[in-house]
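In: The following comprises the amino acid sequence and a computationally predicted model.
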Amino acid sequence: MNSKKLAALTVPSFIPFDRTSCRPFYKQIYDGYRAAILSGRLQPGQRLPSTRALAVELKISRLPVINAYEQLLHEGYIEGKIGAGTYVKDSIPDELAAPVLVSDSAGRPGGPPRSSRMARADSRGKNMSVEKELLGPFRVSLPALDHFPHQVWSRLVSRHAKNLSADLMAYGDPAGHLPLREAIAKYLRAARAVNCETRQILIVSGSQMALQICAMALLTPRDAACIEEPGYPGARYALRSTGATLIPIALDGEGIRVEEIASRGKKVRVVYVTPSHQYPLGLSMSASRRLELLDWAQQRRSWIVEDDYDSEYRYASRPIGALQGMDTNSRVIYIGTFSKVLFPSLRLGYVVAPPLLLNKFIRVRETLDLFSPTLYQLVLTDFLQEGHFARHLRRMRSVYLRRRNALVEGLGRHLGELLKPCNADAGLHLSAFLPQGMDDLEIVRRIAQREISASPLSACYMSRRPKSGLILGFGGSDESQIGPAVQTLSKIVRELAR
Ligand SMILES: Cc1ncc(COP(=O)(O)O)c(C=O)c1O
């Protein structure tokens, strides 16, 4: 730990201490430190002055200083022991990391306007909006829309749109259209080795809703939830919207480190994982790690949320069966989506809920949004039942393989020494590390000006020491776009590396 001391002999300027103010002394100290930590003015590892020294400097008793430090410790901003040295913490709980408007809020009676947990959960996502609006090469989470079987799809849409009977136009089943649930259960058993019955399938508006249902059904503000580090920001937003504490857990070559989860004690109620194709790094969880995780969940009576968002596409080996299929104790909630295998604006996905959670999940789903549009559920049912889905997947594998090869080859040729790709054997994206210290957000901003839309890897980290890198989607860009885009990217990375 870096034990660089703060200038301990004068009152730190970020504490606008006013002894005539009606705000209690401890609160003024607490607010000053909190804002300085969140704004990055105080860096991880920096040592705080002792409570005694600060009290002397402020010419107040030690008690308000101790109270302020205790509050900061309790809320996870600092670590150590009061009296024996306290330091700014390396990683702060994500829900605490919402931006603080220091100058605006400090003097105003009642402080800043209050926002709900859900609104706060979104605030960090603004960083990523740069690339969200662009549909250029490397756009993450985009399938090959140019290969979508539009004719078949529009025939099925018009078939159902013409014949919607009154009962299909009225309210639908919150769990979803039964034939669609049957078709999905059949597909999951055969293709993903998921162990499920139709009644366990719940149709939702994509994985994001599935994650929100898990969060709302399983977590309270007193609970802790673990998430892979780096991990999927969408899961982070959903899980922390409930006020639960999020704990980032490091990965090693086999997947999430279960021993680190176990060391966090019995309050960990949910663990979110992407075992088939870790988002964003792309590795798959080893069989022994899967068993270890399942064993831990069973012993602790905790839940595992398995996000199987793009495992249909593997290029070097056969698709790996779902973790859910190995679970003999019904501790896994399995989530899947049609966003990658069909298209994201369809907003259809599914949850395979353990029988114990089924009714609760349906109630939460109804609260969020009564049910998914019946018309598209009917269309998708036919698309699955008539074999179009299986055909589409088969065709897309070779399309994605070509795109992935073009990207790997281009990166090797133009950026070999600057960008170190992670595993690219599956899915629709590839992550690559930049040299430490390079600002990935700046690269993303600059390439966005050239209509190229990668995502910054650092946005997937909760800790304040993220790795720098790029997440490059190849699903939505054909080979003729990939080559020139790699060259532009290479130019920009080299400019910044200089
Ligand atoms: C890890 C992960 N889960 C889920 C999704 C898909 O979300 P949705 O089904 O809400 O479109 C994505 C999309 O990018 C993802 O990367």
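Out: Nice, I can see it.

In: Residue 300 contacts residue 267, doesn't it?
Out: No. Judged on CB atoms under 8 Å, residue 300 makes no contact with residue 267 at a distance of 9.5 Å. (Glycine included, C-beta is placed from N, CA and C.)

In: more crowded one of the two?
Out: Neighbours per residue (other CB atoms under 10 Å) separate residue 300 from residue 267, with residue 300 holding more: 17 against 14.

In: For the stretch 51-200 of the chain, which residue gets nearest to the ligand?
Out: Nearest residue of the stretch 51-200 of the chain to the ligand: residue 141, at 3.3 Å (CB to the nearest ligand atom).

In: Alpha carbons of stretch 297-313, in PDB - could you do that?
Out: Taking Å, rounded to 0.1, in the frame of the first residue of the first chain, the C-alpha atoms of stretch 297-313 are listed here in PDB:
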ATOM      1  CA  ALA A 297     -23.600 -21.700  -3.500                       C
ATOM      2  CA  GLN A 298     -25.200 -24.900  -2.100                       C
ATOM      3  CA  GLN A 299     -23.400 -24.600   1.200                       C
ATOM      4  CA  ARG A 300     -24.200 -20.900   1.600                       C
ATOM      5  CA  ARG A 301     -27.700 -21.200   0.200                       C
ATOM      6  CA  SER A 302     -26.700 -18.400  -2.200                       C
ATOM      7  CA  TRP A 303     -27.800 -17.800  -5.800                       C
ATOM      8  CA  ILE A 304     -25.800 -17.900  -8.900                       C
ATOM      9  CA  VAL A 305     -27.000 -15.800 -11.800                       C
ATOM     10  CA  GLU A 306     -25.600 -17.300 -15.100                       C
ATOM     11  CA  ASP A 307     -25.700 -14.800 -18.000                       C
ATOM     12  CA  ASP A 308     -25.400 -17.000 -21.100                       C
ATOM     13  CA  TYR A 309     -25.600 -14.000 -23.500                       C
ATOM     14  CA  ASP A 310     -23.700 -15.300 -26.600                       C
ATOM     15  CA  SER A 311     -22.500 -18.800 -26.100                       C
ATOM     16  CA  GLU A 312     -24.100 -20.100 -29.300                       C
ATOM     17  CA  TYR A 313     -21.000 -19.000 -31.200                       C
END
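
In: List the buried residues for it?
Out: Residues of stretch 297-313 classed as buried by neighbour count (16 or more other CB atoms under 10 Å): 297, 300, 302-313.

In: ok, back up a step: ok, the residue of the stretch 51-200 of the chain closest to the ligand - how many residues close by?
Out: Residue 141: 20 surrounding residues under other CB under 10 Å.

In: from memory it sits against residue 343, does it?
Out: No. Assessed by CB under 8 Å, residue 141 is found out of contact with residue 343, at 10.8 Å.

In: can you give me the helices in the stretch 1-150 of the chain?
Out: Counting by DSSP state H, counting those that start in this stretch, the stretch 1-150 of the chain has helices at residues 25-38, 51-58, 62-74, 102-107, 117-123, 129-132, 150-162.

In: Any part of stretch 413-431 near the ligand?
Out: No. Shown here: stretch 413-431 not in contact with the ligand (CB under 6 Å from any ligand atom), separated by at least 8.0 Å.

In: same question for that stretch, mean pLDDT?
Out: Stretch 413-431 comes out with an average pLDDT of 94.

In: Name the residues of that stretch that are buried.
Out: Result for stretch 413-431 [16+ other CB under 10 Å]: buried residues 414-415, 418-419, 421-431.

In: can you tell me which residues contact the residue of the stretch 51-200 of the chain closest to the ligand?
Out: Contact analysis of residue 141 by CB atoms under 8 Å, 6 or more residues apart in numbering lists 339, 340, 344, 428, 429, 473.

In: and which of these is nearest the ligand?
Out: Ranked by distance to the ligand (CB to the nearest ligand atom), the contacts of residue 141 are led by residue 339 at 3.4 Å.

In: Give me the neighbour count for the closest one.
Out: By other CB under 10 Å, the residues close to residue 339 number 21.

In: so who does it touch?
Out: Counting by CB under 8 Å, 6+ apart, residue 339 makes contact with 141, 143, 206, 207, 309, 346, 347, 349.

In: For the second one, give me its contacts.
Out: With contacts taken as CB under 8 Å, 6+ apart, residue 143 has the following neighbours: 339, 340, 341, 342, 343, 344, 396, 428, 475, 476.

In: I'd like these written out as TSV, with secondary structure added.
Out: Below are the contacts of residue 143 laid out as TSV (DSSP: H, G, I helix; E, B strand; the rest coil):
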residue	secondary structure
339	coil
340	coil
341	coil
342	coil
343	coil
344	helix
396	helix
428	coil
475	coil
476	coil
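
In: List buried residues within those residues.
Out: 339, 340, 341, 342, 343, 396, 428, 475, 476.

In: Dump the contacts of residue 339 into JSON lines; add pLDDT as well.
Out: JSON lines is the format used below for the contacts of residue 339 (pLDDT from 0 to 100):
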{"residue": "141", "pLDDT": "89"}
{"residue": "143", "pLDDT": "96"}
{"residue": "206", "pLDDT": "97"}
{"residue": "207", "pLDDT": "97"}
{"residue": "309", "pLDDT": "95"}
{"residue": "346", "pLDDT": "97"}
{"residue": "347", "pLDDT": "98"}
{"residue": "349", "pLDDT": "98"}
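
In: Low-confidence ranges, this protein, go.
Out: For the chain, the stretches with pLDDT under 70 are 1-10, 38-40, 74-76, 91-133, 266.
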